[in-house]
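>>> got a predicted structure here, sequence first:
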Amino acid sequence: MDEPWGISGPQFLLIFGLALAVVLLVQISWPSIARSRRRSAPATVEAPLQPDVYQLAYLAGGSDRTVDTAIATLLEQELLRVSSKGKLSAIGKRPARKRLERAVHDAAQGGTATVAMVRKSPMVQPEVEKIRQDLERRGLLVAGDGLDGFRAGIVAGYAALLLIGIVRAVNGAQLDRPIGGLIGLLVVAGTLTLIAYGVRKGSQTSRPTDAGHAIVVRAREDAKAAEERPEEFAATNRSGNGTLLVGAAAVVALGGIALYPDEEMSTALISGGSSWTGGGGSSGGSSCSSGGSSCSSGSSCGGGSSCGGGGGCGG
């Protein structure tokens, strides 16, 4: 057998090309698969002491979800209005309970801010950052997406194929064999290696740890229990073992601003948030309070100008 390495040129090109394709396919598909598996996985650790609704919102949907939850709270307390065009207006007294609520109220002064603008407000961002830092200190949040090791493995895979291809090309050239096709694949392999190396650190966006994931799973289970078995859940909360989820803020924290329980207000809020965080797999739907009471704000906006949470219509 006089073929280099016992493999003909066309055979080697086929094997080399297929190997590159496999590594590329894994590189593209695995991150989304891993994230999907994590979202659908059951809690694997016992949830620690429950956070407040804003910490829960950050664990369930990140920084935007946290701000959206504060907006929902202020709407329900009639300290904020939203126009049919998605403009937020601060009304009433400045909130005294939570610093994030105060910051959102301040950011909505003047009636020109949208949800997206409030999310990015320099008054709001420092308060959201404090929530993130507190969750990290408590071991509920960690920076990065957990795929740095995977990306390093992809770089190693490309580099190994590139090295094998170079050795084969040198050997083929020494034996006076045609290597034009292999040179083309080496260019592709080199390009893929450089791209993979450049993104090997991945996203540094914070993500919940197993303990943080357990909290969100438990909260969604409690929300579902509050809707399906209100009396039993109310008794559980009186004994101190349950998670108290009350009002529109809890709905938004678990499911996103699209689930705000007043449909007209929800539509207006979404129109003001250019990158709203919806869905989230909330098991609780729009009924998340203890004792079985619905989270509906109970208001309907006539006149079309602006809506206050939980009450009548603003002028």
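In hand now; what should we look at?
>>> now the helices for the protein?
For the chain, helices defined by DSSP state H occupy the ranges 9-40, 53-76, 99-107, 115-119, 125-137, 148-174, 180-198, 210-228, 230-238, 247-255, 263-271.
>>> what mean pLDDT does the third one get?
Helix 99-107 shows a mean pLDDT of 94 in the predicted model.
>>> same thing with the fourth one?
When pLDDT is averaged over helix 115-119, the result is 94.
>>> quick one: low-confidence parts of the stretch 151-300 of the chain?
By pLDDT under 70, the low-scoring segments of the stretch 151-300 of the chain are 201-205, 229-246, 273-300.
>>> before we move on, back to that, which one of the helices of the chain lies nearest to S83?
helix 263-271 (6.7 Å; CB to CB). All C-beta atoms are positioned from the backbone trio N, CA, C, and that covers glycine.
>>> adding distance to S84, write the helices of the chain out as CSV.
Shown next, in CSV, are the helices of the chain (distance: least, CB to CB, whole Å):
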stretch, distance to S84
helix 9-40, 34
helix 53-76, 14
helix 99-107, 20
helix 115-119, 14
helix 125-137, 27
helix 148-174, 45
helix 180-198, 45
helix 210-228, 29
helix 230-238, 34
helix 247-255, 18
helix 263-271, 6
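>>> out of those, which one sits most buried?
helix 247-255 (a mean of 30; mean count of other CB atoms under 10 Å).
>>> relative to helix 53-76, how tilted is that one?
Here the directions of helix 247-255 and helix 53-76 differ by 140 degrees (axes from the mean of the first three to the mean of the last three CA atoms, to 10 degrees).
>>> remind me what helix 247-255 packs against, helices and strands.
Where contact means 3 or more CB pairs under 8 Å, 6 or more residues apart in numbering; DSSP states H and E, helix 247-255 is packed against helix 53-76, helix 210-228.
>>> to Y260, which of those lies closest?
Of all the helices and strands packed on helix 247-255, helix 53-76 sits nearest to Y260, with 5.9 Å by CB to CB.
>>> between the helices of the chain, which gets nearest to K85?
Among the helices of the chain, helix 263-271 comes nearest to K85, with 6.8 Å by CB to CB.
>>> what's the closest one packed up against?
Packed against helix 263-271 by the contact rule (3+ CB pairs under 8 Å, 6+ apart) you find helix 53-76, strand 80-83, strand 306-308.
>>> now the helices and strands packed on helix 247-255 in TSV, with distance to E263?
Below are these laid out as TSV (distance: least, CB to CB, whole Å):
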stretch	distance to E263
helix 53-76	13
helix 210-228	18
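>>> my read: A108 touches R94, true?
No - counting by CB atoms under 8 Å, R94 is not a contact partner of A108; they are 11.0 Å apart.
>>> more neighbours, those two?
A108 (28 against 11; other CB atoms under 10 Å).
>>> got the contact list for that one?
With contact set as CB atoms under 8 Å, 6 or more residues apart in numbering, A108 has these partners: L74, L80, L88, S89, A90, V118.
>>> format these as a markdown table; extra columns: distance to I164.
Below are the contacts of A108 laid out as a markdown table (distance: CB to CB, whole Å):
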| residue | distance to I164 |
| --- | --- |
| L74 | 61 |
| L80 | 62 |
| L88 | 59 |
| S89 | 65 |
| A90 | 64 |
| V118 | 54 |
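>>> nearest to S206 among those?
For those, the residue nearest S206 by CB to CB is V118; the value is 20.3 Å.
>>> these two touch, right, that closest one and V104?
Yes - the criterion here is CB under 8 Å, and V118 meets it with V104 at 5.9 Å.
>>> now list whatever residues contact both of the two.
Applying CB under 8 Å, 6+ apart, one finds that V118 and V104 are jointly contacted by V67, I71, V124.
>>> can you list the domains in the protein?
With domains defined by automatic domain parsing, the chain comprises 4-40+148-198, 53-142+206-314.
>>> what is the end-to-end distance of the shortest one?
Across domain 4-40+148-198, the terminal residues are separated by 34 Å (CA to CA, to the nearest Å).
>>> just how off-centre is it within its chain?
Chain-centre distance of domain 4-40+148-198: 32 Å, with CA atoms, centre = their mean, to the nearest Å.
>>> ok, stretch 60-67 next?
The answer for stretch 60-67 is 8 Å, by CA atoms, centre = their mean.
>>> if we can go back for a sec, of the contacts of A108, which is the nearest to L13?
The nearest member of these to L13, counting by CB to CB, is V118 at 56.5 Å.
>>> for that closest one, which non-adjacent residue is closest in space?
Residue nearest to V118 in three dimensions, not counting chain neighbours: A107, with 4.7 Å by CB to CB, 6 or more residues apart in numbering.
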